[in-house]
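Trainee: I'd like to go over a predicted model; first the sequence, then the structure.
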Amino acid sequence: MLQECSLILAENGANSKKLASSLKIETPIKQLYASTKEEDLDWLWKMFEEGKDVSYISDAGTPGVSDPGANLVRFCRKRNIPVSPIPGPSSLTALLSVSGWQTNPAYFLGFLPDKNSQKKTLLQKFVPEECLIVVFESVHRIQNLLELLREVYPGAEILVGRELTKSYEEITLISPEESIPKVTAKGEFSVIVNNRLKKIAKERKAQADI
């Protein structure tokens, strides 16, 4: 797709040019900035009118989930321009797949609000639910998030994935009895809270009876 399209829009032009060079892809690359608004993309309309294809890629993970791709998709949808996803690494499904927990129901909350009070209010809505809660977090806020999760869900298990599907991948399970570890490593984080308290209690009783 990247070889055959007319233009590649990238989350980071410099990183994507290195990728293209290593794969001998000569398609032009243009950076799509986080500040880019829908009205800033009108120049694309001419390309689409000419029947040209445009690809969008992120630095890592699924494009359009946590990067400037959302504005691009909205621009296309409003003009009835087809948008087709090409499956790639997804930290959401990757972490769920190695959790060992029943994934239905699982609530994906994305990145939580900046303010602690808003985060707490949102998280407390799911306290009565027997479910999994999945969130994304940046390196600068991960410590605060984990401590808040322990406060809101004191009896839950917490699974933390860092840099999933990349070379420095790290997956850590934190049991309810453990204190929240100090996070020193950098990267992007995905976190699952296992709030199936009845199931956790049942499994622990079964282990105690063995």
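Mentor: Cool, the structure landed.
Trainee: any weak-confidence spans in the protein?
Mentor: Within the chain, the stretches with pLDDT under 70 are 205, 207-210.
Trainee: and it, what are its domain boundaries?
Mentor: The chain resolves into domains spanning 7-78, 91-205 when parsed by automatic domain parsing.
Trainee: please enumerate the helices of the protein.
Mentor: All helices of the chain, identified by DSSP state H, fall at 13-22, 42-49, 69-78, 91-97, 116-124, 142-152, 197-209.
Trainee: any buried residues in the second one, and which?
Mentor: It refers to helix 42-49. For helix 42-49, the neighbour count (16 or more other Cβ atoms under 10 Å) marks 44, 48 as buried. Any C-beta I mention is one placed from the backbone N, CA and C, and that applies to glycine too.
Trainee: what do you get for the fifth one?
Mentor: By neighbour count, and taking 16+ other Cβ under 10 Å as the criterion, the buried residues in helix 116-124 are 119, 123.
Trainee: nearest to residue 31, of the helices of the chain?
Mentor: Between residue 31 and the helices of the chain, the shortest gap by Cβ to Cβ is with helix 13-22, which sits at 3.6 Å.
Trainee: list the helices and strands that closest one packs on?
Mentor: strand 7-10, strand 29-31 (3 or more Cβ pairs under 8 Å, 6 or more residues apart in numbering; DSSP states H and E).
Trainee: buried sites along that helix?
Mentor: 15, 16, 19, 20.
Trainee: circling back to that earlier point, redo the helices of the chain as CSV? Include distance to residue 6.
Mentor: Converted to CSV, those look like this (distance: least, Cβ to Cβ, whole Å):
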stretch, distance to residue 6
helix 13-22, 14
helix 42-49, 6
helix 69-78, 15
helix 91-97, 30
helix 116-124, 42
helix 142-152, 39
helix 197-209, 51
